[in-house]
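Asks: My questions are about this predicted structure, shown below with the sequence.
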Amino acid sequence: MYRQVNVGTEDSYLQLIVWRDNPNEDLRYYRLKKSHPLASSAIKDFYVGDVMTGSNSLKEAVKIKDDLKTLLQSAGFNLRKWCANHERLLSSIPSKYREVKLSVDDSKDEGVKTLGLTWNPKLDHFRITTIWNEPTEVTKRTVLSDTSRLFDPLGFVNPAITLAKIFLQELWSLKLDWDEAIPMGLHTRWLQFRQELADLNRIRIPRYLETKNATVSLHAFSDASERAYGVVIYLRSVNNHGDIKVTLLCSKSRMAPLKTITLPRLELCAATFWARLTDRVTKILNMDIGSIHYWTDSQIVLAWTQSRPSLFHTFVANRISSIQLRVNKYI
């Protein structure tokens, strides 16, 4: 089983196979090689039991699909619920192994759900799908339940989720029991907010990133308030004709702690967040990125990040070091 796991070339000698047919023969040493390089590369696109991968060319995408299918079948893993945005990618897949009720020729805004997102193969976009029933009561328990249903791993609707978390933090500060009715003012606010959450179903995010024959740059923005801080990353591409396309990649946010922290320090926390997230996104994209731009409206943070960490107390010094460690390698 472990031999199915992709091992880097520099480490492959650690899994040599020593063999001989009889005791009188000399020992022979075999090094494992990847028989399906494209499929082996796509293996890293698995998350639990789902794989989401692709290519800039249809020919290569077909090759990835065939190799991935062959590689996993050799170990007894039969991939199911296939879905693609081109009919040729599905032509060799039996209907029983395809995602049901879905067709690339269907212009309806329907899609397949994976990792909390809904992807429409025909229109090739992501969207958030939520169904809200009329609540029978509003308590800390039901608010937490509703907030947990807003699963958005890439942060496409992060502002809305952050508002829900802020509301939940307010309830927590009131020290209410889980099933105790919340104050009328908060009750009305939550019902209004909950009603507006239905509009999230109207948001569409394009999946395709315009990177082929284009100059690509990343732009990471960070900001903070006394209630929360966060970061958002966009990919900007300019093709050979000078056409510019900007695509939302992801965003993340965190709540400010109940213990009061100065706004500059929260801005620094946001900047640390954006350095970490940008570093991770750059590694995941695995493409030639022409430039990376970090944006913040805090002059204090800009001054801190250009100073020596040893000049500050531990809180600030640790975060300056973290930012400089990740940002300086792209300069």
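Replies: Perfect, thanks for sending it.

Asks: From Glu99, how far off is the residue nearest the centre of the chain?
Replies: Among the residues of the chain, the one closest to the centroid is Leu154, at 4.1 Å (CA atoms, centre = their mean). The gap separating Leu154 from Glu99 is 21 Å, by CB to CB, to the nearest Å. For every residue, glycine as well, the C-beta is placed using N, CA and C.

Asks: swap in Leu302?
Replies: From Leu302 to Glu99 the distance is 48 Å (CB to CB).

Asks: out of these two, which sits in the more crowded spot?
Replies: Glu99 (18 against 13; other CB atoms under 10 Å).

Asks: Tell me which residues touch that one, please.
Replies: By CB atoms under 8 Å, 6 or more residues apart in numbering, Glu99 lies in contact with 81-83, 112.

Asks: Could you rerun that using 6 Å?
Replies: 81, 83, 112 (CB atoms under 6 Å, 6 or more residues apart in numbering).

Asks: And the strands in the stretch 201-331 of the chain, which stretches?
Replies: 204-206, 214-224, 228-239, 244-255, 291-295 (DSSP state E, counting those that start in this stretch).

Asks: Relative to Lys44, which of those is closest?
Replies: strand 244-255 (17.6 Å; CB to CB).

Asks: in the closest one, what counts as buried?
Replies: For strand 244-255, burial by neighbour count (16 or more other CB atoms under 10 Å) applies to 247, 249-254.

Asks: just the helices in this protein please.
Replies: 37-42, 58-73, 87-90, 140-148, 158-173, 184-196, 263-285, 299-305, 314-327 (DSSP state H).

Asks: Need the winner for burial among these.
Replies: helix 263-285 (a mean of 20; mean count of other CB atoms under 10 Å).

Asks: Okay, angle between it and strand 214-224 too, please.
Replies: 150 degrees (axes from the mean of the first three to the mean of the last three CA atoms, to 10 degrees).

Asks: Just want the angle from helix 263-285 to helix 314-327.
Replies: 30 degrees.

Asks: what's next to helix 263-285, contact-wise?
Replies: The contact list for helix 263-285, computed with CB under 6 Å, 6+ apart, reads 220, 222, 224, 229, 231, 233, 252, 256, 296, 298, 300-301, 319, 322-323, 326-327.

Asks: State whether Phe214 and Asn239 are indeed in contact, as I suppose.
Replies: That one is not Phe; residue 214 is Ala. Yes - Ala214 is within contact range of Asn239, at 4.5 Å (criterion: CB atoms under 6 Å).

Asks: higher neighbour count, the two?
Replies: Ala214 (19 against 14).

Asks: Tell me how far that one lies from Asn56.
Replies: 11 Å.

Asks: Same question for Thr70.
Replies: 22 Å.

Asks: And His125, by the same measure?
Replies: Where Asn56 is concerned, His125 sits at a distance of 18 Å (CB to CB).

Asks: between these two, who's got more neighbours?
Replies: Between His125 and Asn56, His125 has the larger neighbour count (other CB under 10 Å), namely 17 against 11.

Asks: so that one bridges to which residues?
Replies: Asn120, Pro206 (DSSP bridges).

Asks: Repeat that for Leu248.
Replies: Tyr234.

Asks: Any regions of the stretch 201-331 of the chain where pLDDT drops low?
Replies: The model of the stretch 201-331 of the chain has pLDDT under 70 over residues 331.

Asks: likewise the stretch 51-200 of the chain?
Replies: For the stretch 51-200 of the chain (pLDDT under 70), the answer is 75, 100-109.

Asks: The same query, at a cut-off of 80, please.
Replies: For the stretch 51-200 of the chain, the stretches with pLDDT under 80 are 74-76, 100-111, 113-116, 130-136.

Asks: returning to what we had before: closest to Asp243 out of the helices of the chain?
Replies: Here helix 263-285 is closest among the helices of the chain (CB to CB), at 20.3 Å.

Asks: Give me the distance between that closest one and the centre of its chain.
Replies: 14 Å (CA atoms, centre = their mean, to the nearest Å).
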